[in-house]
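Undergrad: here is my input; please provide its structure:
(chains A and B)
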Number of protein chains: 2
Amino acid sequence: MKNFFEPRRIAVIGASRFKGKVGHDIFKNLLKEKKKVYPVNPNAKKILGRKAYTSILDIKEKIDLAIIAVPARIVPIVLEECGKKKVQNVIIISSGFSEVGNNELEEKIKLIGKKYNIKILGPNCLGIINPHKKLNAAFFNKMPPKGAIAFISQSGALGVAVLDWAIQNKVGLSAFVSIGNASDIKFPELIDYFSKDKHTKAICLYVEGLKDGKKFMSAVLRTQKPVIVLKGGLTESGEKAAATHTAALTTEAGVYKGALKQCGAIQVDNLHQLFEVARHFVYGKAPKGKNGLIITNAGGAGVLASDAFDKNGLNLVDIPEKVLEKLNKVLPIHWSKRNPIDVIGDATPKRYKEVLKILEKERFYDFVFFALTPQTMTEPEEVAKLLVKFHKKTKIPVFGCFMGGDAIRKAKKTLKENGILNFKEPSYGVEVISKMVR
Amino acid sequence: MKNFFEPRRIAVIGASRFKGKVGHDIFKNLLKEKKKVYPVNPNAKKILGRKAYTSILDIKEKIDLAIIAVPARIVPIVLEECGKKKVQNVIIISSGFSEVGNNELEEKIKLIGKKYNIKILGPNCLGIINPHKKLNAAFFNKMPPKGAIAFISQSGALGVAVLDWAIQNKVGLSAFVSIGNASDIKFPELIDYFSKDKHTKAICLYVEGLKDGKKFMSAVLRTQKPVIVLKGGLTESGEKAAATHTAALTTEAGVYKGALKQCGAIQVDNLHQLFEVARHFVYGKAPKGKNGLIITNAGGAGVLASDAFDKNGLNLVDIPEKVLEKLNKVLPIHWSKRNPIDVIGDATPKRYKEVLKILEKERFYDFVFFALTPQTMTEPEEVAKLLVKFHKKTKIPVFGCFMGGDAIRKAKKTLKENGILNFKEPSYGVEVISKMVR
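TA: All right, here's what the predicted structure looks like:
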């Protein structure tokens, strides 16, 4: 698999001189960062300044990865040539196979692949991006930031949106893979690969259908890394739409839910959760249990977070009597005297400091959900610094929910730079945490 | 009620010279925009350059609104003076009443209010902001943009976060009201007021407990404007937290749900939905029914939106045979041939134009959910312009779900300027639409 992600020499079969053509854009994307890229096109002499080859067989050097972007009917011919050239890794971008009912043609390329022992990604896919090796072997013209999330998508177009979003929001990726029709390489091989990849800390999947559920489950069971799954087509309408889209065999929601749970995959409900859960796994350890402590200076935020705890099966842990007594000494007389710890709206950093000092010596909770609103005396950035200290000292997972706009901007930055991510609002935040607790 | 939102002369009882004091900050906030503001403080001669009065009774001019920010035990004394001065509108910012178990003191001020026929907002509240009249009678030092959403909050601190967020995200408000302990003025009077307020198009409430459910329901039934309710304390844990917070009597979730539905209020699940639903009501008419048409260039987005339709009780309407035939003529042979209309990833503005031209003559659907991902040939801004034209011509509610980052920035702006709001991702977006359909 390594040659898909770290190829030295790459051939683009169907490279084109004409802007807007898939074969042009992919070749151009590769050229931006790579030198050893070979265009194959019998109708051109040069493409973007590079000598064009009539066939991949005309290239003297060993080719690690071939990318095919020719019309579907020609794919078997050029794939056969790849086999003869002893290329073992091929990405087929071209569409016009099983996704449009052309199963025969897809079978044909599978057979050729088998005959020559070629690993095929696709057909009908967007390709691969590996920011750590500056490899853009995809039909997408920007490079997402380096990071620790591997994203494997069964929908190419959704992949485009996610990549563009990741760039704008500075969400780092270790790799992006569009698996298309998954005629050969499917989720399991990729999960295995990313299990061993040193950059990857969380594996995100957008799944419409699985062709071999058992293999999938085994791969998830094998890996030590969190596998986060957004399954599309869980409802009747979604299933029908998926059938039209990728010809994927989606089955009953309950079966998927059970299977995913059984193998330890984390099933999320939407795209937002997919990346929020992954980001939190990358940033810190998941809570060891469901016993959470809410600290807030806003009664309403505490109420909403408590509601979300109950709705999502988290436990608002009881505060031991001796801890309550200690807190009584540093908090105003009318503090909540229970979890959520409402330090009252006029809390200054000094009050927070005293509370956190008491809590850092205690271990009756698995994680802290810290909701703050920026009152005049709050000094959010100072509070953020105290929270960072607390987190570093205790190693207990801390989730920020600093709410507001400009008043909390710096505080959020301080948190992020120190491994604490922030949620915009309590309910979606608690949902994300609940997905992380197994 | 008008004097709360459009007062000519305002007295601040407890105005202070000392920065950081509530009475200082509120007085300063008012002074920024208003001239006729009178500080009352027996210990000062001048405050921020204004002559200070020993008592409100010493002010010669008629006072429309008095704001009280003195320690709780002194509130009855100054409120009595307000009565003698014939002030009919008073905001009590001071805390230390029923929220800390001091019910007796709260009863006392209620009696004084009754005796002198004073309308009281609070105690234990943040105050009032009216951007349209540049009135900042609150313990919050910025002014949110003018707009059409009235936000009434039973939690002051949550209000602070929302105001700060609204400023950063340019969400316009017609008013902000923090009702605090709601000893006198409660949600119903405010709903009635905003029903008649020309600027308000949607009324958002954060509710922890209602003291008189019937009055609340009557007020919601009376108004023609959408009332959107986030109810905190719906679960056991949330209820307990709310009891500590505002001493609000929260009751069973089911009772609230039924009552809110019965009177036509829209109950949302979180803060995000509260403002998303309101923004959409401000921007356009709610869908007349639950029959939605999904148009997308991303199969995966169509699948996820379809799932969300089913989960949230929306109906993926069938496309009539004659419309299918027309669409067949302009779409690639392998288009989805059903709702969602998948125009295929390589759709250009030209293809969208032809599809929308067919659909604008048809009326088999109540709204359009338009999900787009930015492929190389997509030209999101051109597509946005086509969608705006379609929306203006048909008057059918259109919801955008342009996904991605920089590639869709301009398109989103074009949509917003023309009355179409955009969702970041299908599932949360469809949730919001489902709340708008009655």
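Undergrad: what's the helix or strand bottoming out on mean pLDDT in chain A packed up against?
TA: Ranked by mean pLDDT, DSSP states H and E, the weakest helix or strand in chain A is helix A:236-246, scoring a mean of 78. Under the contact criterion of 3 or more CB pairs under 8 Å, 6 or more residues apart in numbering or on different chains; DSSP states H and E, helix A:236-246 touches helix B:299-311, strand B:341-342. Yep, even glycine has a C-beta here, placed from its N, CA and C like the rest.
Undergrad: make it 10 Å
TA: Judged by 3 or more CB pairs under 10 Å, 6 or more residues apart in numbering or on different chains; DSSP states H and E, the packing partners of helix A:236-246 are helix A:253-262, strand B:291-296, helix B:299-311, strand B:315-316, strand B:341-342.
Undergrad: where does the stretch 1-150 of chain A get nearest to chain B, which residue?
TA: A:Val100 (4.2 Å; CB to the nearest CB).
Undergrad: contacts only, for that residue.
TA: By CB atoms under 10 Å, 6 or more residues apart in numbering or on different chains, the contact set of A:Val100 is A:Ala72, A:Asn124, A:Ala247, B:Pro332, B:Ile333, B:His334, B:Ile344.
Undergrad: likewise A:Ser94?
TA: A:13-14, A:22-23, A:68-75, A:78, A:105, A:109, A:122-125, A:180.
Undergrad: go back to the residues you listed and keep what's next to chain B.
TA: Subset of the contacts of A:Ser94 in contact with chain B: A:Val22, A:Asn124, counting by CB under 10 Å from any CB of the partner chain.
Undergrad: please indicate which of the contacts of A:Ser94 are buried?
TA: Using 16 or more other CB atoms under 10 Å in any protein chain shown as the burial test, the contacts of A:Ser94 include A:13-14, A:22-23, A:68-70, A:72, A:75, A:78, A:105, A:109, A:122-125, A:180 as buried.
Undergrad: buried residues in the least confident helix or strand of chain A?
TA: A:Ser237, A:Gly238, A:Glu239, A:Lys240, A:Ala241, A:Ala242, A:Ala243, A:Thr244, A:His245, A:Thr246.
Undergrad: pretty sure A:Lys326 contacts A:Leu356?
TA: No - counting by CB atoms under 10 Å, no contact exists between A:Lys326 and A:Leu356, whose distance comes to 12.0 Å.
Undergrad: the strands in the stretch 251-400 of chain A, which residues?
TA: Using DSSP state E, counting those that start in this stretch, the strands of the stretch 251-400 of chain A run over A:266-268, A:291-296, A:315-316, A:341-342, A:367-372, A:398-402.
Undergrad: figure out which of those is closest to B:Lys115.
TA: Nearest to B:Lys115 among the strands of the stretch 251-400 of chain A is strand A:341-342; the distance by CB to CB comes to 34.3 Å.
Undergrad: parallel or antiparallel, list what pairs with the closest one.
TA: strand A:291-296 (parallel) (DSSP bridges).
Undergrad: how far does the strand it pairs with sit from its chain's centre?
TA: 27 Å (CA atoms, centre = their mean, to the nearest Å).
Undergrad: what angle do strand A:367-372 and that strand make with each other?
TA: Taking axes from the mean of the first three to the mean of the last three CA atoms, to 10 degrees, one finds strand A:291-296 and strand A:367-372 inclined to each other by 20 degrees.
Undergrad: list the contacts for the residue of the stretch 201-350 of chain A found nearest chain B?
TA: Chain B sits closest to A:Gly300 of the stretch 201-350 of chain A, with a gap of 2.7 Å, by CB to the nearest CB. The contact partners of A:Gly300, taken as CB under 10 Å, 6+ apart, are A:342, A:345, A:371, A:373, A:403, A:426, B:153-162, B:206, B:208, B:230, B:232-233, B:241-242, B:245-246, B:271.
Undergrad: and the residues you listed, which of them are buried?
TA: The buried subset of the contacts of A:Gly300 - by 16+ other CB under 10 Å - is A:342, A:345, A:371, A:373, A:403, A:426, B:153-162, B:206, B:208, B:230, B:232-233, B:241-242, B:245-246, B:271.
Undergrad: list the contacts for A:Thr200?
TA: A:132, A:147-150, A:173-175, A:193-194, A:223, A:225, A:282.
Undergrad: can these go into TSV with extra columns for pLDDT and distance to A:Gln267?
TA: Shown next, in TSV, are the contacts of A:Thr200 (pLDDT from 0 to 100; distance: CB to CB, whole Å):
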residue	pLDDT	distance to A:Gln267
A:His132	97	28
A:Gly147	97	22
A:Ala148	97	21
A:Ile149	98	17
A:Ala150	98	17
A:Leu173	98	21
A:Ser174	98	21
A:Ala175	98	21
A:Tyr193	98	22
A:Phe194	98	18
A:Thr223	96	16
A:Lys225	96	16
A:Val282	92	19
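Undergrad: in helices, which of those fall?
TA: A:Tyr193, A:Phe194, A:Val282 (DSSP state H).
Undergrad: and which of these is nearest to A:Lys435?
TA: Of the ones in helices among the contacts of A:Thr200, the one sitting nearest to A:Lys435 (CB to CB) turns out to be A:Val282, at 14.3 Å.
Undergrad: isn't that closest one right up against A:Gly172?
TA: Yes - here A:Val282 reaches A:Gly172: they are 7.9 Å apart, a contact under CB under 10 Å.
Undergrad: cool, thanks, signing off.
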